[in-house]
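S.K.: Okay, here's the prediction I keep looking at, along with the sequence it came from:
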Amino acid sequence: MQQSSYQCPKPPVRRRNPRSIILIAVSVSGFVAAGLLAGEVYARHRAETAVAAATECMVHDKVSVSFGATPLLLQLATGHYRNISIHTAGNRIGNAQGMKADVWIDDVRLDRDGDAMGTVGSLDATVTWSAEGMMQSIEEAITPLRGLVTAVETDADDGTIELQGNLGDVTIKPQVTDGRVALDVVDVTGLGLLLPSEMVQSALDTLTTRLAENYPLNIHADGVQITDDAVRAHYSSHGTSISQDDQSDPGDQESKDNQDSCFTHL
């Protein structure tokens, strides 16, 4: 009996359309990119909000923070942070009325396995203290001056500030001394009997010391200038290690506790 030579035809091979493959690849890439973008936006918001809240707690003013152009997810993964900027609103810094800080930090490397928490490559800050804010702060620091100062004038040419009042004037010259900005009394006229220059100088020294005593990271003043309506000082720090002791002066336990509480949730 002859066998039939008929064979069933093979099913046709289905070839994927190259256009479909490209569309699938583009869709997957789009989903990945969207996920990374969402993660980056979320990470930036959380990080900037946390740093701003900690800084606001310390300076008692509104603060804005930016982590620069480098993707924050990459910075978090490597522990290397670049181009961080911090700007305060300018209402006050602690007890100093009318003071504004603009801070730029670069090359921060965190190392949780070492003795230090990390290093800061560079920190540069410009602190601007308005003449009006200085008048308010000095009146608070020198109780007998309250209500006596009627105007403040800055002289950019000779680098002085004059507190003017109905009973006399106090002329002050800001300058950098031992890494901080000091306010030196140049002259007291009309108030000599009520406020000897030594008393005024002592009160100003106390004020400026309080402003500078808790600077972390070996930050120091390296320049000061007088403008038409303010005092502007430049502060810097370079190649500094971050340690637990940098948060505050170990001898000032109350200040340390306050600052530690500010960084509790950071």
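M.R.: Great, that's in hand.
S.K.: in stretch 70-78, what's buried?
M.R.: 71-72, 75 (16 or more other CB atoms under 10 Å). From N, CA and C alone the C-beta is placed, and that goes for glycine too.
S.K.: likewise stretch 218-226?
M.R.: For stretch 218-226, a neighbour-count test (16+ other CB under 10 Å) marks 219, 221, 224, 226 as buried.
S.K.: got it, and stretch 145-165?
M.R.: Neighbour-count burial for stretch 145-165 [16+ other CB under 10 Å]: 145, 148-149, 152, 154, 160-163.
S.K.: can you dump the C-alpha coordinates of it into PDB?
M.R.: The C-alpha trace of stretch 145-165 is given here as PDB (Å, rounded to 0.1, in the frame of the first residue of the first chain):
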ATOM      1  CA  LEU A 145      20.100 103.500  74.300                       C
ATOM      2  CA  ARG A 146      16.600 102.300  73.800                       C
ATOM      3  CA  GLY A 147      14.500 105.000  72.400                       C
ATOM      4  CA  LEU A 148      17.400 107.400  72.100                       C
ATOM      5  CA  VAL A 149      18.600 106.400  68.600                       C
ATOM      6  CA  THR A 150      16.600 108.200  65.900                       C
ATOM      7  CA  ALA A 151      18.600 107.400  62.800                       C
ATOM      8  CA  VAL A 152      21.600 105.400  61.500                       C
ATOM      9  CA  GLU A 153      24.000 106.500  58.800                       C
ATOM     10  CA  THR A 154      26.700 104.400  57.100                       C
ATOM     11  CA  ASP A 155      29.700 106.000  55.600                       C
ATOM     12  CA  ALA A 156      31.300 103.800  52.900                       C
ATOM     13  CA  ASP A 157      34.200 106.200  52.500                       C
ATOM     14  CA  ASP A 158      35.600 106.000  56.000                       C
ATOM     15  CA  GLY A 159      34.000 102.600  56.900                       C
ATOM     16  CA  THR A 160      32.000 103.800  59.900                       C
ATOM     17  CA  ILE A 161      28.400 103.700  61.200                       C
ATOM     18  CA  GLU A 162      26.900 106.500  63.100                       C
ATOM     19  CA  LEU A 163      24.000 106.000  65.600                       C
ATOM     20  CA  GLN A 164      22.300 109.400  65.800                       C
ATOM     21  CA  GLY A 165      20.100 110.600  68.600                       C
END
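S.K.: and it, how far from the chain's centre?
M.R.: 29 Å (CA atoms, centre = their mean, to the nearest Å).
S.K.: what is the mean pLDDT for the helix or strand that contains residue 52?
M.R.: Assigned by DSSP states H and E, residue 52 belongs to helix 18-59. In this model, helix 18-59 carries a mean pLDDT of 73.
S.K.: one step back: let me have the buried residues of stretch 70-78 in JSON lines, extended by distance to residue 58.
M.R.: What follows is these, written out as JSON lines (distance: CB to CB, whole Å):
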{"residue": "71", "distance to residue 58": "28"}
{"residue": "72", "distance to residue 58": "22"}
{"residue": "75", "distance to residue 58": "23"}
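S.K.: Go through the residues you listed and flag which are in helices.
M.R.: 72, 75 (DSSP state H).
S.K.: Check which helix or strand the spatially closest residue to residue 100 that is not a sequence neighbour maps to.
M.R.: Using CB to CB, 6 or more residues apart in numbering and skipping the chain neighbours, the partner closest in space to residue 100 is residue 90 (3.4 Å). Using DSSP H and E, residue 90 sits in no helix or strand.
S.K.: what sits against residue 90?
M.R.: When contacts are counted by CB atoms under 8 Å, 6 or more residues apart in numbering, residue 90 touches 61, 98-100, 128, 130.
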